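J.: kindly return the folded structure for what I paste below:
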Amino acid sequence: MTTETQNPEIGQSIQTGPILTNYHDVGSGDPVLMIHGSGPGVSAWANWRLTLGNLKSDFRMLALDMAGFGYTESPEGMEFTREVWLQQMVDFLDALGLERVHVIGNSFGGSMALALAIAHPERVNKMVLMGAVGVPFELTYGLDAVWGYEPSVENMDAILRIFAYDQSLIGEELAKLRYEASIRPGIQEAFSSMFPAPRQRWVDAMAHEEKDIRAIPHKTLMIHGRDDKVIPLSTSMTLLDWIDNSQLHVFGRCGHWTQIEHSDSFCRTVSGFLKETP
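T.: Purely as a prediction, here's the structure:
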């Protein structure tokens, strides 16, 4: 059903197992599943709003709030694990009657895209991994700060500045909006339960076995900001080595916000890749 609201972060809702998933469904064409990152106060809309608008003329864009994020409603006491998120994605595709989709995963969402491709390869067409988690790497200062966020406008401002290369994108209004999103009832409680210190273990928990990634047959595009302080460029280099049918596009003067800092170029690159002959 469609929720009538002036809040653009709230889209439609659909039951996915025990989880009531909030999602956005725009455009027509080949379906594309979009999986957001794991920053505090994040939602599918906050992560993908520019991409949805740019690609909806050529594709059916589906962006969901993962359990514990945005406006998706999860059962009280639910543990947020890779297995829970993977099942939510499968249930989401089943609920919409979609057998196979392109998948775009951002950061944390990159690991979840890999999880879907590994566990259910028949459900995935092509894959785009942007600043992706999913392979072993040493916890960065930036990711430790993101996952260790304690709510305040000042802390949110500091985290947003870690994300962006172009500091002019960050202002008091954006920091306040994201801070307010991070303190909605239940959101910070869920977020703080996901990645408690010491946080290297969660990087490791989101990483997949090398043999499983090497077995991925799907045509895959990695996209990364050269100046990313959250997820190092080396992760995409590893994925380029491990996934045989893959390519890598690196944006200079770009942090962890490729889809925002280089929105038009990002969308052209993704669109061209998805339209290529399989």
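J.: would you mind measuring from the residue nearest to the spatial centre of the chain to Gln87?
T.: Closest residue to the average C-alpha location of the chain: His36 at 2.2 Å, with C-alpha atoms, centre = their mean. Plainly put, His36 is 17 Å away from Gln87 if you go by C-beta to C-beta, to the nearest Å. Using the backbone N, CA and C atoms, a C-beta is placed for each residue, glycine as well.
J.: try Ile104
T.: Counting by C-beta to C-beta, the gap between Ile104 and Gln87 amounts to 20 Å.
J.: one more: His218?
T.: His218 sits 20 Å away from Gln87, taking C-beta to C-beta as the criterion.
J.: likewise Met66?
T.: Following C-beta to C-beta, the distance that separates Met66 from Gln87 is 11 Å.
J.: more neighbours, the two?
T.: In this comparison of Met66 against Gln87, neighbours counted by other C-beta atoms under 10 Å, the higher total goes to Met66 at 27 against 17.
J.: the more buried one belongs to a helix?
T.: No - if the criterion is DSSP: H, G, I helix; E, B strand; the rest coil, then Met66 is coil and not within a helix.
J.: can you give me the pLDDT of the residue nearest to it when sequence neighbours are not counted?
T.: Using C-beta to C-beta, 6 or more residues apart in numbering and skipping the chain neighbours, the partner closest in space to Met66 is Trp85 (5.5 Å). Turning to Trp85, the model gives it a pLDDT of 99.
J.: now Gly148
T.: The predicted structure lists Gly148 with a pLDDT of 97.
J.: what about His218, which helix or strand?
T.: In this structure, His218 is located outside every helix and strand according to DSSP states H and E.
J.: now it: how far from Glu122?
T.: 11 Å.
J.: which non-adjacent residue is nearest Thr269?
T.: On the basis of C-beta to C-beta, 6+ apart, the spatially nearest residue to Thr269 that is not a chain neighbour turns out to be His249, at 5.6 Å.
J.: quick check, the one you found in a strand?
T.: Yes - the assignment for His249 (three-state DSSP) places it in a strand.
J.: what sits against it?
T.: With contact taken as C-beta atoms under 8 Å, 6 or more residues apart in numbering, His249 is in contact with 221-224, 269.
J.: using JSON lines, lay out these together with distance to Ile231, pLDDT and neighbour count.
T.: Rendered in JSON lines, the data for the contacts of His249 read as follows (distance: C-beta to C-beta, whole Å; pLDDT from 0 to 100; neighbours: other C-beta atoms under 10 Å):
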{"residue": "Leu221", "distance to Ile231": "16", "pLDDT": "99", "neighbour count": "21"}
{"residue": "Met222", "distance to Ile231": "11", "pLDDT": "99", "neighbour count": "24"}
{"residue": "Ile223", "distance to Ile231": "11", "pLDDT": "99", "neighbour count": "27"}
{"residue": "His224", "distance to Ile231": "8", "pLDDT": "99", "neighbour count": "26"}
{"residue": "Thr269", "distance to Ile231": "18", "pLDDT": "99", "neighbour count": "17"}
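J.: cheers, nothing more for now.
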